[in-house]
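[1] Just need the structure, nothing else, for what follows:
(chains A and B)
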Amino acid sequence: MERSLTHIALFAALIAVLGLVPKIDLMAGVPITAQSLGIMLCGTVLGAKRGALAVLLFLLLVAAGLPLLSGGRGGLGVFAGPSVGYLLGFPVAAFVAGWIVERWSAPPWHRGLRRGLHRRHPGALRLRHPRHGTDARQILARGCAPRHTLPRGRSDQGRPRRPDHPRAGPDAPRCPALPPLTLPRLLCPSILGVRGQSPRRYHPSRTKAVPIPPAAAMAASPRPPAVSW
Amino acid sequence: MLTLTSPVETPWHRWPAGAKLAALCGFTVLLFALASPVALAACLAAITALYLPGGAAFLRLGARLLWPLWPFVAIVGLWHLWIGDGQGGLAVILRLLTAVAAANLVTMTTRLSDMIAVIERLAAPLARLGLPPRTLALAIALMIRFLPVLSDRLSQISESWRARSPRRPGWRILTPATLAALDDADRVAEALRARGGAG
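    Residues are numbered from 1 along each chain as shown, chains lettered A, B, ... in the order given. Next up is the predicted model:
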């Protein structure tokens, strides 16, 4: 409840703040106000319903007389003017964007992205599963999803995923309920260029645990006797 | 906090906000019922007369709020001249200007706190749908409080971008700004819960 409330309020504020940024040049000088970007962001990050509610809260305060629309416009006048259609479309746009992300989190054209993301941040695509709940920020901080949040059982490649891990049991530590994790949050680590070290590198089926001794120790130790068959 | 409310005191400032909103509603409906340019011009003159008690500064502020409409006025005017319907075009332009001017007048003469009080009163029936007025008030207060915070955050992020890159920040600061907002929202949610929750 509180979390939904603060998410809605802060994203409404984010839309407003993005309108105060003069303008953002996207793709070789096409001016796109960051505000419409913020609307879509609301839908995709917060989900359809809460995203639309955030946009509605933003429009409510615009109507109440805060000059928050891009260009410093606001007040009841913009709701009587000719560009009111955009304002009416904003919550719908946020809802539809959120609905699409919620529903088609993995459209066919998205598979390559998913595979790359899975390779870099295993488990990141399953964050919405209540058992595997974790946070995009945890991935950011660690470079990978926490081990206990990784999916158990069989992985995508059909290899077992360490069912014997001490923290993988039914009493594995769990994160509290989290906001829905959606595309932008998933993309954050890769956009910021945080390179995670995939835990799968340490997967027992991949790496036979052969520690490489330091070079000095190698030189000191006698050569192992040759095995004769 | 910067609002569109005019600092110049007019007699309309003392009217209750609800009455002004109801009058605006009725007036706009009336505008769309009228079709003759003469009647609409009379309405525009009446609205301009309502602006007069505020003095020159008030009128200038009102004119500045109307200024963004000029491209629409130009397009509508040229289109109606093109199809040879000057009367209709004049009516549309006058209706547009009058409606926006009247709405701006209400905004300029109503304090934000009064407007929010009206919103809360109007939203009271939503309690049946699961939105208690207290929650709405809290959301509004949180949003207003976090406008300067997020604005500072955004300028910090773009400054740190400029410190590291000769290019302009562009849309790339959107991601850290979003993460910062999510982070702040989570912290505020925890603080709210620690203080007894939002419900």
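[2] Need the distance between the two termini of stretch A:73-89.
    End-to-end distance for stretch A:73-89, by C-alpha to C-alpha, to the nearest Å: 17 Å.
[3] avg pLDDT for that stretch?
    For stretch A:73-89, mean pLDDT is 84.
[4] what residues does that stretch touch?
    A:59, A:62-63, A:65-69, B:4, B:24, B:28, B:65-66, B:68-69, B:72, B:96, B:99-104, B:106-108 (C-beta atoms under 8 Å, 6 or more residues apart in numbering or on different chains). C-beta here means a position set from N, CA and C on the backbone, and glycine is covered the same way.
[5] again, 6 Å this time
    A:59, A:62-63, A:65-68, B:4, B:65, B:72, B:99-100, B:103-104, B:106-107 (C-beta atoms under 6 Å, 6 or more residues apart in numbering or on different chains).
[6] likewise stretch A:58-72?
    Identification of contacts with stretch A:58-72 by C-beta under 6 Å, 6+ apart yields A:12, A:15-16, A:19, A:33, A:35, A:74-76, A:87, B:3-4, B:107, B:112, B:115-116.
[7] Over to A:Ala64: give its phi and psi.
    phi -70, psi -10 (degrees, to the nearest 10).
[8] Quick check: the two most widely separated of the contacts of stretch A:58-72?
    Spanning the widest gap among the contacts of stretch A:58-72 are A:Thr33 and B:Ile116, at 25.9 Å by C-beta to C-beta.
[9] higher neighbour count, those two?
    B:Ile116 (20 against 17; other C-beta atoms under 10 Å in any protein chain shown).
[10] For the helix or strand that contains the more buried one, which helices and strands make contact with it?
    Element membership for B:Ile116 (DSSP states H and E) is helix B:112-122. Packing partners of helix B:112-122 (3 or more C-beta pairs under 6 Å, 6 or more residues apart in numbering or on different chains; DSSP states H and E): helix B:17-33, helix B:133-164.
[11] closest one to chain A among these?
    helix B:133-164 (3.7 Å; C-beta to the nearest C-beta).
[12] And for A:Val96, the neighbour number?
    Considering only other C-beta under 10 Å, A:Val96 is surrounded by 16 other residues.
[13] sorry, that was for B:Leu147
    Neighbour number of B:Leu147 under other C-beta under 10 Å is 21.
[14] Can you give me every residue that contacts it?
    A:13, A:16.
[15] swap in the one 10 residues further on?
    Under the criterion of C-beta under 6 Å, 6+ apart, the contact partners of B:Ile157 comprise B:173, B:176-177.
[16] got any ranges where the chain has weak pLDDT?
    Picked chain A for this. Across chain A, the ranges flagged by pLDDT under 70 are A:21-32, A:71, A:104-229.
[17] Actually, chain B is the one I wanted.
    In chain B, residues with pLDDT under 70: B:1-2, B:198-199.
[18] quick one, which residue of it lies the farthest from its center?
    If you look at how far each residue of chain B sits from its centre, by C-alpha atoms, centre = their mean, the farthest one is B:Arg164, at 37.1 Å.
[19] mind checking how far it is from B:Ile157?
    Between B:Arg164 and B:Ile157 the computed distance is 11 Å (C-beta to C-beta, to the nearest Å).
[20] how about the contacts of B:Ile157 in a markdown table, adding secondary structure, neighbour count and distance to chain A?
    Shown next, in a markdown table, are these (DSSP: H, G, I helix; E, B strand; the rest coil; neighbours: other C-beta atoms under 10 Å in any protein chain shown; distance: C-beta to the nearest C-beta, whole Å):
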| residue | secondary structure | neighbour count | distance to chain A |
| --- | --- | --- | --- |
| B:Ile173 | helix | 24 | 9 |
| B:Pro176 | helix | 19 | 7 |
| B:Ala177 | helix | 23 | 7 |
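[21] okay, these in TSV with distance to B:Leu129 next?
    Output for the contacts of B:Ile157, formatted as TSV (distance: C-beta to C-beta, whole Å):
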residue	distance to B:Leu129
B:Ile173	37
B:Pro176	36
B:Ala177	32
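[22] Among those, which one lies nearest to A:Arg103?
    Distances from A:Arg103 to the contacts of B:Ile157, taken by C-beta to C-beta, are shortest for B:Ala177, at 26.3 Å.
[23] was I right about A:Gln35 contacting A:Ala16?
    No. Using C-beta atoms under 6 Å, A:Gln35 makes no contact with A:Ala16, being 8.2 Å away.
[24] what about the two, which has more around it?
    A:Ala16 (27 against 23).
[25] how about the residues of chain A that lie near chain B?
    For chain A, the contact set with chain B under C-beta under 6 Å from any C-beta of the partner chain comprises A:1-3, A:5-7, A:9-10, A:12-14, A:16-17, A:24, A:26, A:57, A:64-67, A:74-77, A:80-82, A:188, A:191.
[26] how many other residues sit next to B:Glu9?
    13.
[27] export the helices and strands packed on helix B:112-122 to TSV and tack on distance to A:Thr44?
    TSV is the format used below for these (distance: least, C-beta to C-beta, whole Å):
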stretch	distance to A:Thr44
helix B:17-33	34
helix B:133-164	18
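[28] So for B:Arg187, which of the ones you listed sits nearest?
    helix B:133-164 (11.4 Å).
[29] tilt between that closest one and helix B:112-122?
    On the basis of axes from the mean of the first three to the mean of the last three C-alpha atoms, to 10 degrees, helix B:133-164 is oriented at 130 degrees to helix B:112-122.
[30] What residues sit buried inside helix B:133-164?
    For helix B:133-164, the neighbour count (16 or more other C-beta atoms under 10 Å in any protein chain shown) marks B:133, B:135-136, B:138-140, B:142-144, B:146-147, B:150-151, B:153-154, B:157-158, B:161 as buried.
[31] same thing with stretch B:101-114?
    Within stretch B:101-114, the residues scored as buried using 16+ other C-beta under 10 Å are B:101-110, B:112, B:114.
[32] Put the alpha carbons of it into PDB.
    The C-alpha trace of stretch B:101-114 is given here as PDB (Å, rounded to 0.1, in the frame of the first residue of the first chain):
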ATOM      1  CA  ALA B 101      -9.100  32.800 -20.800                       C
ATOM      2  CA  ALA B 102     -12.000  32.000 -18.400                       C
ATOM      3  CA  ALA B 103     -10.200  28.800 -17.200                       C
ATOM      4  CA  ASN B 104      -7.000  30.700 -16.700                       C
ATOM      5  CA  LEU B 105      -8.800  33.300 -14.800                       C
ATOM      6  CA  VAL B 106     -10.000  30.700 -12.300                       C
ATOM      7  CA  THR B 107      -6.500  29.300 -12.000                       C
ATOM      8  CA  MET B 108      -4.900  32.700 -11.500                       C
ATOM      9  CA  THR B 109      -7.300  33.700  -8.700                       C
ATOM     10  CA  THR B 110      -7.400  30.400  -6.700                       C
ATOM     11  CA  ARG B 111      -4.700  29.300  -4.300                       C
ATOM     12  CA  LEU B 112      -3.300  25.800  -4.700                       C
ATOM     13  CA  SER B 113      -4.400  24.900  -1.200                       C
ATOM     14  CA  ASP B 114      -8.000  25.900  -1.900                       C
END
